[in-house]
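Colleague: The following comprises the amino acid sequence and a computationally predicted model.
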Amino acid sequence: MKLGFIGCGKMAAALVKGVLKSGFCEPSDIVASDVHAPSAQALAESCKIKIVPTNADVTAASDTVILAVKPGDAIAALQSASGQQVESNMRWAYTTTADSNTKLLLSIVAGLPLATIEPAAGNFRVIRVMPNTPALVLQGASAYSPGTRATPEDTAVAQQILGSVGLAVQVKEPLLDAVTGLSGSGPAYIFTVIEALADGGVLMGLPRDLAMQLAAQTVAGAASLVVQTGQHPSVLRDQVASPGGTTIAGIEALEKCGVRTAFIAAVRAATERSRQLGT
Ligand SMILES: NC(=O)c1ccc[n+]([C@@H]2O[C@H](COP(=O)([O-])OP(=O)(O)OC[C@H]3O[C@@H](n4cnc5c(N)ncnc54)[C@H](OP(=O)(O)O)[C@@H]3O)[C@@H](O)[C@H]2O)c1
């Protein structure tokens, strides 16, 4: 399958590296474009993929196009990718036009609803996706919703691509803002947790490198336990919190600091921000 990326930023890089690492694609199967030449060059150098000068060239060379630009750039990028606008507000001149007939577009743009994407997407069949950056290490979590023109085969393609880099689930579109608030933005919450755990270790006398290693592995190990055993996190927690022991003392401190309320508030704030981006 020929995959095209419009935008070569952080999320595109994670997906490109993920699909290559998983063996889903070879470098020769991937083309990309970006108005910011250094981003495109960096991805080409690290992954040996082909960079083409325009978004229309990406469409022409791909079966499936992944739209990976910021929300404010998405409509212009879509119009150029689908050949509807030549020399729109892009930073370089077009020499080709695209035919988006028979092509599938996966939009990973946060907040942008299908009702906005589809009219701007020409003949593309569209699936809206919310991935996350652990796709880079094949531990991604993605949810997707097919648009009105997407076929069951398109849904299978989305499942194949996203499933090659981690968990992939189909959801109804109204849930995608909450997905954004939880798993789309979630890696950043957990990076904060890892850093804070390491700071705690340093405060209590551990060397910084060791504290960081232990913190990251503890988060990874705890997450794997939940995923692999299928047990509820509260069951796993109760198993390690012995009466009068160290763990329950730590949990009391977390609860006093409102840790649950803080994470719930983070998901709510990011979900609401995603909704705002779509209006
Ligand atoms: N990063 C995440 O963790 C994450 C997770 C889930 C979803 N997403 C979504 O993924 C999308 C990309 O995010 P990101 O973090 O990868 O952004 P990013 O690092 O800023 O990358 C976007 C790239 O697209 C370029 N671009 C802008 N307009 C373009 C156009 N018309 N045609 C081609 N390229 C264009 C940008 O260039 P300039 O910088 O010069 O504008 C930039 O290099 C966003 O919509 C975001 O909501 C991100």
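Modeller: All right, it came through fine. Residues are numbered from 1 along each chain as shown.
Colleague: Tell me, how many residues neighbour T180?
Modeller: For T180, the neighbour count with other CB atoms under 10 Å is 24. (Glycine included, C-beta is placed from N, CA and C.)
Colleague: Kindly report the same for P187.
Modeller: Other residues near P187 number 16, with proximity taken as other CB under 10 Å.
Colleague: Go ahead and confirm it touches A135.
Modeller: No. P187 lies out of contact with A135 (CB atoms under 8 Å); the separation is 10.1 Å.
Colleague: in stretch 41-48, what counts as buried?
Modeller: Residues 43-44, 47 are the ones in stretch 41-48 that count as buried (16 or more other CB atoms under 10 Å).
Colleague: wait, does it contact the ligand?
Modeller: No. Between stretch 41-48 and the ligand, judged by CB under 6 Å from any ligand atom, nothing touches; the nearest distance is 9.5 Å.
Colleague: Please put the alpha-carbon coordinates of that stretch into CSV.
Modeller: C-alpha atoms of stretch 41-48 as CSV (Å, rounded to 0.1, in the frame of the first residue of the first chain):
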residue,chain,number,x,y,z
GLN,A,41,14.2,16.7,5.2
ALA,A,42,14.6,15.4,8.7
LEU,A,43,12.0,12.7,8.1
ALA,A,44,13.4,11.8,4.7
GLU,A,45,16.9,11.5,6.2
SER,A,46,15.8,9.4,9.3
CYS,A,47,13.4,7.1,7.4
LYS,A,48,14.6,7.1,3.8
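Colleague: ranges for the strands of the stretch 151-279 of the chain?
Modeller: All strands of the stretch 151-279 of the chain, identified by DSSP state E, counting those that start in this stretch, fall at 166-170.
Colleague: In it, what residue comes closest to the ligand?
Modeller: Nearest to the ligand, among the residues of the stretch 151-279 of the chain, is G184, at 4.4 Å (CB to the nearest ligand atom).
Colleague: I'd like the distance between the spatially closest residue to that residue that is not a sequence neighbour and the ligand.
Modeller: In space, G184 comes closest to M130 once its chain neighbours are excluded; the distance is 4.7 Å by CB to CB, 6 or more residues apart in numbering. Per CB to the nearest ligand atom, to the nearest Å, M130 is found 6 Å from the ligand.
Colleague: Where does G83 sit, in terms of helix or strand?
Modeller: Taking DSSP states H and E as the definition, G83 sits outside all helices and strands.
Colleague: Verify the contact between it and V58 for me.
Modeller: No. Look at G83 against V58 with CB under 8 Å: they stay out of range, at 11.3 Å.
Colleague: Among the buried residues of stretch 41-48, pick out the one closest to the ligand, please.
Modeller: Distance to the ligand across the buried residues of stretch 41-48 (CB to the nearest ligand atom) is lowest for L43, with 9.5 Å.
Colleague: Helix, strand, or coil at the closest one?
Modeller: With DSSP: H, G, I helix; E, B strand; the rest coil as the basis, L43 sits in helix.
Colleague: residues near the residue nearest to it when sequence neighbours are not counted, how many?
Modeller: Of all residues not flanking L43 in the chain, C8 sits nearest, at 4.4 Å (CB to CB, 6+ apart). For C8, the count of nearby residues is 27 (other CB under 10 Å).
Colleague: and if you look at A269?
Modeller: Residues lying near A269 (other CB under 10 Å) number 12.
Colleague: Pretty sure it sits against T180.
Modeller: No. Applying CB under 8 Å as the test, A269 and T180 come out as separate, 11.3 Å apart.
Colleague: For the residue nearest to L43, give its distance to G122.
Modeller: Distance of C8 to G122, computed by CB to CB, to the nearest Å: 22 Å.
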